[in-house]
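> this is the structure alone, sequence omitted:
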């Protein structure tokens, strides 16, 4: 649910392009602006949290050395 309102001033050319794009994508100009804000200003937050999750996974994974991949492949082919 949208809760806050703002006014943004655009140059005429930018506004015209935004309106055309919104019509092509069948979205409002507001939707396009909100999406752009999320992508530009908040995507790095997602990347950082994903990186932390990957680090946790890698730390908990058991690394096994000397795996005989041929045996694994042959065992998998039995089923």
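Structure's in. What do you need? Since the model is a prediction, treat every value here as computed from it, not as a measurement. Numbers count the residues shown, from 1 in each chain.

> which strands and helices lie in contact with the helix or strand that residue 16 is a member of?
For residue 16, the host element (DSSP states H and E) is helix 12-25. When contacts are defined as 3 or more CB pairs under 8 Å, 6 or more residues apart in numbering; DSSP states H and E, helix 12-25 sits against helix 29-60. Using the backbone N, CA and C atoms, a C-beta is placed for each residue, glycine as well.

> which helix or strand lies directly C-terminal to the helix it packs on?
Immediately after helix 29-60, counting by DSSP H and E, sits helix 69-77.

> so where's this protein uncertain?
Applying pLDDT under 70 to the chain flags the ranges 79.

> rerun at 80
For the chain, the stretches flagged by pLDDT under 80 are 43-48, 61-64, 78-79.

> how about the residue in it that sits furthest from its center?
residue 78 (39.0 Å; CA atoms, centre = their mean).

> do you know how far that one is from residue 41?
Look at residue 78 and residue 41: by CB to CB, to the nearest Å, they are 52 Å apart.

> mind listing what's buried in the helix holding residue 16?
For helix 12-25, burial by neighbour count (16 or more other CB atoms under 10 Å) applies to 18, 22.

> that one versus helix 29-60: what angle between them?
Here the directions of helix 12-25 and helix 29-60 differ by 70 degrees (axes from the mean of the first three to the mean of the last three CA atoms, to 10 degrees).

> who's in contact with helix 12-25?
With contacts defined as CB atoms under 8 Å, 6 or more residues apart in numbering, helix 12-25 is touched by 10, 28-29, 31-33.

> from the residues you listed, which two are the most distant?
The span of these, defined through CB to CB, is set by 10 and 31 at 15.3 Å.

> tell me the gap between stretch 10-20 and the middle of its chain.
26 Å (CA atoms, centre = their mean, to the nearest Å).

> swap that for stretch 26-45, sorry
So, by CA atoms, centre = their mean, the centroid of stretch 26-45 is 12 Å from its chain's centroid.

> alright, calling it a day.
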